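**Student:** Only the shape, not the letters, is given here:
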């Protein structure tokens, strides 16, 4: 078990964002978290990364119990995060080269030149993008840089927070393909947050449906696709993601 | 019957330091009291087309067209005061994100009544009454409360409903919706679309629905224009979507992952220079 979360609660100023949530993710698995905004799916991801005020419960990653928001250096290398909005997650005044050098410098990893070129190549950008600024890139290219920045320290686990929801449908396909390819090549474990059931069932083997800070249901993606869900909420989410139609429109 | 909106050979260009950018190139279509979808990727010129129709092309952009008329009014020759009279009352536009398109320092109620009192000679009391009615029509359960709230105090879905209420309160003949639900959650999206759908149908107005999501547009509109690099590459009735011939349209249809389908890797969109020619 790579990630084991038990009875985790997160409280912001008296607001319970997560209420005793438990999930377990196997090594090499791709695990999805779905739900509407405010359901706590991103908070859960951030709690693993040590970015949320945990009030109760335990998080265990690779057998190491994580206390509060302290994370070991090894953890910070093994677990990397990709955020939703590539327009906001890259430094606007640093070149791609600088942004990729930063994680290497932090972890004291040498051989920067070769690693940067390899990381860029891996995400399909090529060396010509190395000295560009984020504003000179399209949304899809920026998200590729964000993925390269996560991959450059050779992590084992990627936490993906809505990695494609800021992108066009057509660019989304390219980024999803890239993420799958990278996972296959390096045997990575993914935890992916998305509100799009189509994306999650495409990318993940198992998933947890969340609602107002609680896990409603954990099930296999194939069960979700086959309509074999237990809770009404999952079913409603499923109907919503089938797209708009006059028959089901709630009027 | 004469069409509600006629667009003939519309072009929008932006002069920049490095040359002229042609955002929209020779777009022509006619719109009756129907729902028309405009689909394309970012940069295809779909939003610029919508903005040009509203007269909202920001400087230094230049709008040229052989014809651009809205129920008999020549929009190319419209003076600022004609525009002011038309926008909000006969032509309305819903933008993507209520967080950025509502006035943050004015209550929702005041923003709706402002539209009304600008275009129609109504008393304060009457304006308030109609605003509350409109908020109820967009299925806000407690209109009195929402009336007095500021935009930051409501959720995205609620904000977008308030925006729809504001845009429809004067009963426009044409509504342009530019990605009206992209900033919203899937479940909320459906509700907002349902509301929009019902109001557009009941009031019998024309609708231009702009989005990058071809499936969404096709479930909502009667007819779809597919844009690529500033041009219309294909026009088709929603019913014939399966028979789309242009490879770009087919690509847009195929590239989204669907539940219960296993396609690894996903087909990606081809973009060829000759389609832009």
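**Tutor:** Arrived safely. Worth saying up front: this structure is predicted, and the values here are computed from it rather than measured.

**Student:** Next secondary structure after the host helix or strand of residue B:163?
**Tutor:** Element membership of residue B:163 [criterion: DSSP states H and E] is helix B:156-168. On the C-terminal side of helix B:156-168, the closest following helix or strand by DSSP H and E is strand B:174-178.

**Student:** residues near residue 166, how many?
**Tutor:** Chain wasn't specified; assuming chain A. 20 (other C-beta atoms under 10 Å in any protein chain shown). To be clear about C-beta, it is placed using only N, CA and C from the backbone, and glycine gets the same treatment.

**Student:** not quite, I wanted chain B
**Tutor:** Using other C-beta under 10 Å, residue B:166 has 26 other residues around it.

**Student:** The residue of the stretch 101-250 of chain B found nearest chain A: which element?
**Tutor:** At 3.5 Å from chain A, residue B:194 is the closest residue in the stretch 101-250 of chain B, using C-beta to the nearest C-beta. Element membership of residue B:194, judged by DSSP H and E, is helix B:186-203.

**Student:** and the stretch 151-251 of chain A, which residues reach chain B?
**Tutor:** Residues of the stretch 151-251 of chain A lying close to chain B (C-beta under 8 Å from any C-beta of the partner chain) are A:168-174, A:176-177, A:180-181, A:195-199, A:201-203, A:224-226, A:236-238, A:240-246, A:248-251.

**Student:** Quote the end-to-end distance of stretch A:70-84.
**Tutor:** Start-to-end span of stretch A:70-84 (C-alpha to C-alpha, to the nearest Å) is 24 Å.

**Student:** how about that stretch, does it get close to chain B?
**Tutor:** No - Stretch A:70-84 does not reach chain B (C-beta under 8 Å from any C-beta); its nearest approach is 12.2 Å.

**Student:** Can you mark which positions in that stretch are buried?
**Tutor:** The neighbour-count check on stretch A:70-84 (16 or more other C-beta atoms under 10 Å in any protein chain shown) flags A:71, A:75-84 as buried.

**Student:** Now find how far off-centre the top helix by length along chain A is within its chain.
**Tutor:** Across chain A, the longest stretch assigned as helix under DSSP state H is helix A:169-186. In terms of C-alpha atoms, centre = their mean, to the nearest Å, the centre of helix A:169-186 is found 13 Å from the chain centre.

**Student:** Residue B:59: neighbouring residues, count only.
**Tutor:** Residues near residue B:59, counting by other C-beta under 10 Å: 6.

**Student:** oh, I was asking about residue A:163
**Tutor:** Per other C-beta under 10 Å, the neighbour tally for residue A:163 reads 30.

**Student:** per-residue confidence at it?
**Tutor:** Residue A:163 carries a pLDDT value of 91.

**Student:** check contacts around the residue nearest to it when sequence neighbours are not counted.
**Tutor:** Using C-beta to C-beta, 6 or more residues apart in numbering or on different chains and skipping residues adjacent in sequence, the residue nearest residue A:163 is residue A:82, 5.1 Å away. Residues near residue A:82 by C-beta atoms under 8 Å, 6 or more residues apart in numbering or on different chains: A:89, A:143, A:146-147, A:150, A:158-161, A:163.

**Student:** and which of those is nearest residue A:186?
**Tutor:** Minimum distance to residue A:186 across those is 9.5 Å, recorded for residue A:158 (C-beta to C-beta).

**Student:** Could you measure from the closest one over to chain B?
**Tutor:** Taking C-beta to the nearest C-beta, to the nearest Å as the measure, residue A:158 falls 18 Å from chain B.

**Student:** Run through the residues that contact residue B:109.
**Tutor:** Residue B:109 neighbours (C-beta under 8 Å, 6+ apart): B:128, B:131-132, B:146-148.

**Student:** Which of the helices or strands spans residue A:58?
**Tutor:** Following DSSP H and E, one finds residue A:58 within strand A:54-61.

**Student:** mind listing what's buried in that strand?
**Tutor:** Within strand A:54-61, the residues that count as buried by 16+ other C-beta under 10 Å are A:54, A:57, A:59, A:61.

**Student:** For it, give me every contacting residue.
**Tutor:** Residues from elsewhere that reach strand A:54-61, judged by C-beta under 8 Å, 6+ apart: A:1-11, A:20-22, A:47-48, A:65-66, A:68-69, A:75, A:78-79, A:157.

**Student:** Name the residues of whichever helix or strand comes after that strand that are buried.
**Tutor:** Later in the chain than strand A:54-61, the nearest helix or strand by DSSP H and E is strand A:64-66. In terms of neighbour count (16+ other C-beta under 10 Å), strand A:64-66 has its buried residues at residue A:66.

**Student:** What pairs with strand A:64-66, parallel or antiparallel?
**Tutor:** If you go by DSSP bridges, strand A:64-66 pairs up with strand A:54-61 (antiparallel).
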